[in-house]
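Asks: Mind looking at a prediction? Sequence and model below.
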Amino acid sequence: MTRLILVRHGETEWHAENRYAGISDVALTPRGLDQARALAAWAGTARPDAVWCSDLSRSRLTAAPSAAAIGARLHVDERLRELDFGHGEGLTRAEMERKFPAELRAFLADPAASHLPGGEDPAAAARRFTACLDDIARLHEGGRVLVVAHSTAIRLALCRCWGFRSRTTGGGSRRWATAH
């Protein structure tokens, strides 16, 4: 069994303003950079076997100090990207409420079954993300791996893996375990 340590990237400029970042490449704030350094300090002590992250800069900039702290190469995979929020990218919840209230309510009620206008199917995002985690588990069989990614993608993947089902996500067993 491979242990995956799933971590959300550091704070970004948009997250500080409660904007949905999705696949937009948004810079880390000074606080986000501090969070990356704190994660690296933890990694230097915990010594995971590998560090993986999404290809978005906020994830890479959070993960790179941890990889350096353990003397490992940083593995980057676009399948670990955040959910594409479509027309919600860069907007706050209040702005989305004005632009597409019904779709926002459906997304908030069941993000695995409902996507924002022009956005990615959450079930497909959960499948791509868990497929990447499966590949990571195979590559690091029996090890511990730090995975720096994005909050909604992580939540969707965990729901899928733990067997929480909406009408579209499905569930199932995996070759890896998550820490609670």
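Replies: In hand now; what should we look at? Treat the numbers as computed from the prediction; the structure is a model and nothing was measured.
Asks: Can I get whichever helix or strand residue 5 is part of in PDB, CA atoms only?
Replies: Assigned by DSSP states H and E, residue 5 belongs to strand 2-8. What follows is strand 2-8, C-alpha atoms only, in PDB (Å, rounded to 0.1, in the frame of the first residue of the first chain):
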ATOM      1  CA  THR A   2       1.300   3.400  -0.900                       C
ATOM      2  CA  ARG A   3       0.500   6.400   1.300                       C
ATOM      3  CA  LEU A   4      -0.400   9.600  -0.400                       C
ATOM      4  CA  ILE A   5      -0.200  12.900   1.400                       C
ATOM      5  CA  LEU A   6      -2.600  15.200  -0.400                       C
ATOM      6  CA  VAL A   7      -2.000  18.900   0.100                       C
ATOM      7  CA  ARG A   8      -3.600  22.000  -1.400                       C
END
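Asks: do you know how far residue 24 is from residue 86?
Replies: 11 Å (CB to CB, to the nearest Å). To be clear about C-beta, it is placed using only N, CA and C from the backbone, and glycine gets the same treatment.
Asks: On the pLDDT front, check residue 113 for me.
Replies: Residue 113 is assigned 79 on the pLDDT scale.
Asks: ok, it to residue 94 distance?
Replies: Applying CB to CB to residue 113 and residue 94 gives a distance of 23 Å.
Asks: okay, these two: which has more neighbours?
Replies: Taking other CB atoms under 10 Å, residue 113 and residue 94 do not tie; residue 113 has more neighbours (16 against 10).
Asks: For this protein, which segments count as strands?
Replies: 2-8, 50-53, 74-76, 144-149, 176-178 (DSSP state E).
Asks: Output those as CSV; include the columns mean pLDDT and distance to residue 122.
Replies: Listed next are these as CSV, based on pLDDT from 0 to 100; distance: least, CB to CB, whole Å:
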stretch, mean pLDDT, distance to residue 122
strand 2-8, 96, 17
strand 50-53, 98, 21
strand 74-76, 98, 23
strand 144-149, 98, 15
strand 176-178, 43, 19
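Asks: Among those strands, which comes closest to residue 43?
Replies: strand 144-149 (6.0 Å; CB to CB).
Asks: export the strands of the chain to JSON lines and tack on distance to residue 161 and mean neighbour count?
Replies: Formatted as JSON lines, the strands of the chain follow (distance: least, CB to CB, whole Å; neighbours: other CB atoms under 10 Å):
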{"stretch": "strand 2-8", "distance to residue 161": "10", "mean neighbour count": "20"}
{"stretch": "strand 50-53", "distance to residue 161": "16", "mean neighbour count": "25"}
{"stretch": "strand 74-76", "distance to residue 161": "20", "mean neighbour count": "16"}
{"stretch": "strand 144-149", "distance to residue 161": "13", "mean neighbour count": "24"}
{"stretch": "strand 176-178", "distance to residue 161": "7", "mean neighbour count": "16"}
